[in-house]
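J.: here are the coordinates; sequence isn't available:
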Ligand code: AVJ
């Protein structure tokens, strides 16, 4: 029926992708929201990225959780209900839950129910007897955990992976404020944040020798071809990782190799040779800058942990 509004989630998702693509490709500086990088193929490629020799964040954060586990457990204390924002495969949650003393429950939060299942299943298998209660919610908007915590347990938010780095500063502060509201009363937040470091190390982490990050980035164009009826020629774009020294962030760009036109949703988008689509920002932090950011959202840092090389940091925030 023409003009009918579909409520099929896949169709709504496709419509949102098309709307974001049209808006982003119409802008004077072309851009696409990084959340669209994660379709099934993108999630598989990201998983491969986390195992690359150049991509230090995942393994470094895991090592911090492992080596500083007892110290983190002491700082957190017993009986916390762990609320993870965007749990992925649940591997980091298992590491944390095993270190903590008598955790009360595990509440993974994600907008995609099928993604919650993987994390929930892994935690159930690794932590028998621990209540696991997936929460389907978009954590980039306000939501509450009403009735989901165990009795008098306090909430420990968990936001690892430096996912916060994908947000602009204002968005990061907004997320941190909302998390504070969600985790109340007595809520705390364990936050993973990647640190500013040597530019070649950063560049290699986001443009690896095997080309996995390039494939991850280019998959966004393949997705637009699959789901938005676009006609991107993947060979006519190349992946680039750029360090922005002012914003202190790595940007992923897809650079047009030639002057060309691309069709999407009945429109034509023109690219000059060398013009790019900005597909992701990954902010890196100095400790004093992160303190400022969390402070602006009403949190204060109770403790912080890092690895021996000072590559990555984990923060315990309280109100
Ligand atoms: C998912 C935000 C942690 O920014 O490092 C990895 C995504 N992009 N390689 C990051 C990503 C390119 C990643 N996070």
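T.: Great, that's in hand. None of the values given here were measured: they were computed from a predicted structure.

J.: And the nearest residue to residue 180 once chain neighbours are set aside, how close does it get to the ligand?
T.: Among residues not flanking residue 180 along the chain, residue 298 sits closest, at 5.6 Å (Cβ to Cβ, 6 or more residues apart in numbering). In short, each C-beta sits where N, CA and C put it, glycine included. Computed as Cβ to the nearest ligand atom, to the nearest Å, the residue 298 to the ligand distance reads 24 Å.

J.: now swap in residue 49 and tell me
T.: Distance from residue 49 to the ligand, by Cβ to the nearest ligand atom: 5 Å.

J.: Before we move on, what's the pLDDT of the residue nearest to residue 180?
T.: Note for residue 298: predicted pLDDT of 98.

J.: which residues does it contact?
T.: Residue 298 makes contacts with 176-177, 180, 319, as judged by Cβ atoms under 8 Å, 6 or more residues apart in numbering.

J.: Ok, residue 256 next?
T.: Residue 256 neighbours (Cβ under 8 Å, 6+ apart): 236-237, 271-276.

J.: How much space separates it from residue 240?
T.: Shown here: residue 256 relative to residue 240, a distance of 11 Å by Cβ to Cβ, to the nearest Å.

J.: Now do the shared contacts for the two.
T.: Common neighbours of residue 256 and residue 240 (Cβ under 8 Å, 6+ apart) are residue 276.

J.: Assign a three-state SS to the closest residue to the ligand within the stretch 101-250 of the chain, would you?
T.: Nearest residue of the stretch 101-250 of the chain to the ligand: residue 161, at 4.2 Å (Cβ to the nearest ligand atom). For residue 161, the assignment made with DSSP: H, G, I helix; E, B strand; the rest coil gives coil.

J.: in which helix or strand would I find the spatially closest residue to it that is not a sequence neighbour?
T.: Ranked by Cβ to Cβ, 6+ apart and with sequence neighbours excluded, the top spatial neighbour of residue 161 is residue 192, at 5.4 Å. Assigned by DSSP states H and E, residue 192 belongs to strand 188-194.

J.: For the contacts of residue 298, which PyMOL command selects only the ones that are buried?
T.: Under the burial definition 16 or more other Cβ atoms under 10 Å, those of the contacts of residue 298 that qualify are selected in PyMOL by:
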select buried, resi 176+180
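
J.: can I get the contacts of residue 298 in JSON lines with pLDDT?
T.: Shown next, in JSON lines, are these (pLDDT from 0 to 100):
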{"residue": "176", "pLDDT": "98"}
{"residue": "177", "pLDDT": "97"}
{"residue": "180", "pLDDT": "96"}
{"residue": "319", "pLDDT": "94"}
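
J.: Give me the subset of the contacts of residue 298 lying in helices.
T.: Cross-referencing these against helices under DSSP state H gives 176-177, 180.

J.: Can you tell me which of those residues lies closest to residue 112?
T.: Nearest to residue 112 among the ones in helices among the contacts of residue 298 is residue 176, at 22.4 Å by Cβ to Cβ.

J.: so who does that closest one touch?
T.: 164, 189, 293-294, 296-299, 317.

J.: what number of residues lie near the residue in the stretch 151-300 of the chain positioned nearest to the ligand?
T.: Closest residue of the stretch 151-300 of the chain to the ligand, Cβ to the nearest ligand atom: residue 282 (3.4 Å). Residue 282: 19 surrounding residues under other Cβ atoms under 10 Å.

J.: Contact partners for it?
T.: 162, 165-166, 194, 206, 249-252.

J.: for residue 291, same thing?
T.: residue 301.

J.: Distance from the helix or strand encompassing it to the middle of the chain?
T.: Using DSSP H and E, residue 291 sits within helix 287-296. Chain-centre distance of helix 287-296: 19 Å, with Cα atoms, centre = their mean, to the nearest Å.

J.: interface residues of the stretch 101-250 of the chain facing the ligand?
T.: When proximity is defined by Cβ under 6 Å from any ligand atom, the stretch 101-250 of the chain lies next to the ligand at 161-163, 165-166, 206, 213.
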